[in-house]
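Engineer: sequence first, predicted coordinates after that:
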2 protein chains.
Amino acid sequence: MRFTLLPLAAALFSTSALAAPAPGLGYDIVEGLTTEVGQRLAGTEAEARARDWAVAHLKSLGFANVHVEPFDMPVWVRGAETAEVVSPFPQKLVLAALGNSGATPDGGVTAEIIGFPSLDALKAAPDAAVKGKIVFVWHRMMPTQDGSSYGTYGPIRFAGASIASKKGAAAMLIRSIGTDHHRVPHTGVTNWADGAKPIPAAALSVPDAEQLERILARGKPVMLRLTLTPKMVGTHQSGNVIAEVPGADPSAGIVLIGGHLDSWDLGTGAIDDGAGIAITTAAAKSILDGPRPQRTVRLVWFGAEEPGGFGGAAYAKAHAGEKHALAAEADFGGDKIWSFSASFAQPKSALRDELAARLNLIGVEPKEGAAHGGTDVGPMVQRGVPVIDLDNDGTRYFEIHHTADDTLDKIDPAQLAQAIEAWSIMLRTVVDTNDPLTPLAPRKDEE
Amino acid sequence: MRFTLLPLAAALFSTSALAAPAPGLGYDIVEGLTTEVGQRLAGTEAEARARDWAVAHLKSLGFANVHVEPFDMPVWVRGAETAEVVSPFPQKLVLAALGNSGATPDGGVTAEIIGFPSLDALKAAPDAAVKGKIVFVWHRMMPTQDGSSYGTYGPIRFAGASIASKKGAAAMLIRSIGTDHHRVPHTGVTNWADGAKPIPAAALSVPDAEQLERILARGKPVMLRLTLTPKMVGTHQSGNVIAEVPGADPSAGIVLIGGHLDSWDLGTGAIDDGAGIAITTAAAKSILDGPRPQRTVRLVWFGAEEPGGFGGAAYAKAHAGEKHALAAEADFGGDKIWSFSASFAQPKSALRDELAARLNLIGVEPKEGAAHGGTDVGPMVQRGVPVIDLDNDGTRYFEIHHTADDTLDKIDPAQLAQAIEAWSIMLRTVVDTNDPLTPLAPRKDEE
């Protein structure tokens, strides 16, 4: 390799020599995408409009090789969704169907509620206690900076409906997997396990879930009428939008970065994942506007992440034969980057030290343990591509995640600018490092 | 008068001698009412259930003379409400019809938007510019501790639709009169001026209003499809629920306190006005549980405040012949009391000093200027009844006011307890004062 690593001393005196993101570019991207397209559910006409917007925007920024790589996917769309307590205290509740939810009859289903404080409690319940009832599972998820509480409570959404279905439940309600107290429910996919018949499944907003918990605590049988009419509408086209900053040495491998272009249908996808699109694009632009990089930066605005990572899978299939030096993904909002981790073939290296020293200058601390990427670059990471995680502060992420409240006003321009600076520093370091970025062994645990 | 005023010195050493609100009673009331009844729109079956709940609850607390005083009122109910930008950037917007809104045809109305940054700008626009269009008025309301910004921006809601209607507008949209950034619009009445034909009128949530403002700022014509199907459903019964703590001296006049039992239909009416009900009831209970008061405390849970003060008007009509010594109303949420004002016949008095000294012990400061009461006791205040305002901190009130987010979790138990203590201190002082509480001249300015 013929790369010149910038001396560490230079980094310590001037991060601006490393990274010069265009002022306001990141915010402009998320502002434009959320305003001029709005929600962009995967596989729909809105996501197609988002791809048109993306191609025009990426070309106007001067990126090379801007194009769409289409793929097909099954599409689920929301229908009517209402719920009301029939007795003992008649009142309406606010909810949103989970992605892949089954449907009730158009007139709804009325059944008794059986409540559980955890997924374990549901698992432990005898089938006879659940059969024919509407299961309701709540929890006490709290905000965490690293997002770990989503890992703890997320399975209530991912896996809960399958468990309820196998026990013969009429439907499944969960307390939203979120940390806010607004009447805006948190959607997201539920996955049907082998042998689990799809049943109606929805998330109550947190205030509504607390209300239902209080009503149940009165000790009287609680009857609820639920109407959900979502449906699978067949196979439709989605696509990944790709743009590049060509490197001087094609043999050195591609640096793959990106976020996802699709959003859930309730909000305008500002933090999920307009922010990730904005951060990675502004960072790539800092490379485009700086000295020619040794490695090629490939920026991907992935399609159809939310319903199950269809864009990431399509990318990995289409690009399996290309040498990838590194992968990194931004899909955890637009707040400041506070830590990073890296999975390289060598546990210790000058590159790791260099990254730590440079990122430390803007407050980012190194974390022990493996980096993982995310849903979009995950398939490449599984194959052994080295990966860096730059961790956004997640403290307020799950107040907003997958809700109608995911709108532009939730973007903090100052924090977004810091995140772009962190990404620009990381990117400039890895495109020019003389570290060979040797692949790791394929990761079975990530599959 | 034969009343014994507690010595000021005693107050300075022990406020607990003055006020002993039952622990948790206030919170229990707002918890029970919002959980077991939920929303209770004026004139509906839900408000009737709330009156049943009220009578049972007030009797169980030991109040005397618990009864309902019914009255009739016109009832407006919400229908379907949807809005979508048709061009140039197709997307749905979240809104809520304003009380008294007219209806669109069932299939909606599609028209061009004309936007104004203020009510003054709308007033200044030529009729020809507005005719046939959907008017959209935005603003920059900010939180204020004393709620004054509601006075500044409220007329956009109260009066804006009439102005738009007289100019020939097809419909009226406003940015919610609120200070939050959630997809939960703020409803509330709009008033039709003489000669103004009701038109469809709704409030966009703040994020949706900002989105529409950004879309308009792109400079292209913006077409919007609006569907609102609310209707007036005729005259129905509402009622005031009354309870008393009988005083030793009926000739000394009634101390009238209360809040309103009805709520808007979107939330469960925790801060508006479950909190006011809770505060005044817990304070009255502290009198019931203490030494027998000289004056009678009359507690009223007013009906039908939100659609236009029907309960307060009915009370004033029914009780015009009775001597009222004082009126005070709690209808500004459950946060801490930070200031108070009083309108007495004498600008200076031992009673005013006594109130200031006692309330000062829990952080409440006296304010210059007149007290006003509110919509419910307003008609009595207009007739010259002395009035005290205990001012809740309004900093977060308009984040929640008239939205689906007005739910129990917005009640801060510690702040609610302080508010109850302030009311208990005030109430004990006025029921036993030897100040005659002479009526003022009727106030024309309040009518």
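Structural biologist: Sure, I can see it.

Engineer: which secondary structure element is home to the residue of the stretch 201-350 of chain A found nearest chain B?
Structural biologist: Proximity of the stretch 201-350 of chain A to chain B (C-beta to the nearest C-beta) peaks at residue A:207, 4.1 Å away. For glycine as for every other residue, the C-beta is placed from the backbone atoms N, C-alpha and C. Element membership of residue A:207, judged by DSSP states H and E, is helix A:206-217.

Engineer: and that helix, which residues are buried?
Structural biologist: Residues A:206-216 are the ones in helix A:206-217 that count as buried (16 or more other C-beta atoms under 10 Å in any protein chain shown).

Engineer: relative to chain B, how far out is residue A:121?
Structural biologist: For residue A:121, the distance to chain B (C-beta to the nearest C-beta, to the nearest Å) stands at 22 Å.

Engineer: wait, residue A:358 touches residue A:425, no?
Structural biologist: Yes: applying C-beta atoms under 8 Å as the test, residue A:358 and residue A:425 come out as touching, 5.0 Å apart.

Engineer: now do residue A:112 against residue B:148, distance only.
Structural biologist: In this view, residue A:112 and residue B:148 are 49 Å apart by C-beta to C-beta, to the nearest Å.

Engineer: between these two, who's got more neighbours?
Structural biologist: Each of residue A:112 and residue B:148 has its neighbours counted (other C-beta atoms under 10 Å in any protein chain shown); residue A:112 has more, 14 against 10.

Engineer: quick one: is the helix or strand in which the more buried one is found near chain B?
Structural biologist: For residue A:112, the element it lies in under DSSP H and E is strand A:109-116. No: against chain B, strand A:109-116 shows no contacts by C-beta under 8 Å from any C-beta of the partner chain, the least distance being 14.7 Å.

Engineer: quick check: mean pLDDT across that strand?
Structural biologist: The average pLDDT within strand A:109-116 is 98.

Engineer: tilt between it and helix A:206-217?
Structural biologist: Strand A:109-116 and helix A:206-217 are oriented at 80 degrees to each other (axes from the mean of the first three to the mean of the last three C-alpha atoms, to 10 degrees).

Engineer: what is whichever helix or strand comes after strand A:109-116 packed up against?
Structural biologist: Next along the chain after strand A:109-116, taking DSSP H and E as the criterion, comes helix A:119-124. If you count contacts as 3 or more C-beta pairs under 8 Å, 6 or more residues apart in numbering or on different chains; DSSP states H and E, helix A:119-124 packs onto strand A:134-137, helix A:160-166.

Engineer: any idea which of those is most buried?
Structural biologist: Ranked by mean neighbour count, the helices and strands packed on helix A:119-124 are led by strand A:134-137 with a mean of 26 (mean count of other C-beta atoms under 10 Å in any protein chain shown).

Engineer: got the buried residues of helix A:206-217 as CSV, with pLDDT columns?
Structural biologist: Putting the buried residues of helix A:206-217 into CSV (pLDDT from 0 to 100) gives the following:
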residue, pLDDT
A:206, 98
A:207, 98
A:208, 98
A:209, 98
A:210, 98
A:211, 98
A:212, 98
A:213, 98
A:214, 98
A:215, 98
A:216, 98
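
Engineer: about what we covered before: whatever helix or strand comes next after the helix holding residue A:207: partners in the sheet, and parallel or antiparallel?
Structural biologist: Tracing the chain past helix A:206-217, the next element assigned as helix or strand by DSSP H and E is strand A:223-228. The strands beside strand A:223-228 in its sheet (DSSP bridges) come out as strand A:81-87 (antiparallel), strand A:109-116 (antiparallel).

Engineer: pLDDT of stretch A:262-271, averaged?
Structural biologist: Per-residue scores along stretch A:262-271 average to 98.

Engineer: quick one: buried residues of that stretch?
Structural biologist: Those would be A:262-271, for stretch A:262-271 by 16+ other C-beta under 10 Å.

Engineer: how far does it stretch from one end to the other?
Structural biologist: This stretch, stretch A:262-271, spans 12 Å end to end (C-alpha to C-alpha, to the nearest Å).

Engineer: likewise for stretch A:328-336?
Structural biologist: Terminal residues of stretch A:328-336 are spaced 16 Å apart (C-alpha to C-alpha).

Engineer: now do that stretch: distance to the chain's middle.
Structural biologist: Its chain's C-alpha centre and that of stretch A:328-336 lie 9 Å apart, by C-alpha atoms, centre = their mean, to the nearest Å.

Engineer: residue A:275 against residue A:413, yeah?
Structural biologist: No: the pair residue A:275 / residue A:413 is not scored as a contact, 11.1 Å apart, by C-beta under 8 Å.

Engineer: if we can go back for a sec, who does the helix holding residue A:207 touch, helix- and strand-wise?
Structural biologist: strand A:91-93, strand A:109-116, strand A:134-137, strand A:171-175, helix B:25-36.

Engineer: tell me which of those is the most buried.
Structural biologist: By mean count of other C-beta under 10 Å, these have strand A:171-175 as the most buried, with a mean of 28.

Engineer: which strands and helices sit next to that one?
Structural biologist: Here strand A:171-175 touches strand A:109-116, strand A:134-137, helix A:148-158, helix A:160-166, strand A:201-204, helix A:206-217, strand A:223-228, going by 3+ C-beta pairs under 8 Å, 6+ apart.

Engineer: what mean pLDDT does the last one get?
Structural biologist: For strand A:223-228, the mean pLDDT works out to 98.

Engineer: how many neighbouring residues does residue A:178 have?
Structural biologist: If we define neighbours as other C-beta under 10 Å, then residue A:178 has 27 of them.

Engineer: my read is it is in a helix, agree?
Structural biologist: No: Residue A:178: not assigned to a helix; according to DSSP: H, G, I helix; E, B strand; the rest coil it is coil.

Engineer: quick check: closest non-adjacent residue to it.
Structural biologist: residue A:186 (4.2 Å; C-beta to C-beta, 6 or more residues apart in numbering or on different chains).

Engineer: which strand or helix spans the one you found?
Structural biologist: Taking DSSP H and E as the definition, one finds residue A:186 inside no helix or strand.

Engineer: I figured residue A:232 hits residue A:75, correct?
Structural biologist: Yes: counting by C-beta under 8 Å, residue A:232 touches residue A:75, with 7.0 Å between them.

Engineer: okay, those two: which has more neighbours?
Structural biologist: Using other C-beta under 10 Å, the more surrounded residue of residue A:232 and residue A:75 is residue A:75, with 20 against 13.

Engineer: contacting residues for that one?
Structural biologist: A:42-44, A:232-236, A:307 (C-beta atoms under 8 Å, 6 or more residues apart in numbering or on different chains).

Engineer: if we go to 10 Å?
Structural biologist: With contact set as C-beta atoms under 10 Å, 6 or more residues apart in numbering or on different chains, residue A:75 has these partners: A:41-44, A:47, A:231-238, A:304, A:307.

Engineer: same question, residue A:439
Structural biologist: A:253, A:323-325, A:344-345, A:383-386.

Engineer: for PyMOL, what selects the buried ones among the residues you listed?
Structural biologist: For the buried members of the contacts of residue A:439, the matching PyMOL selection, counting by 16+ other C-beta under 10 Å, is:
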select buried, chain A and resi 253+324+325+344+383+384+385+386
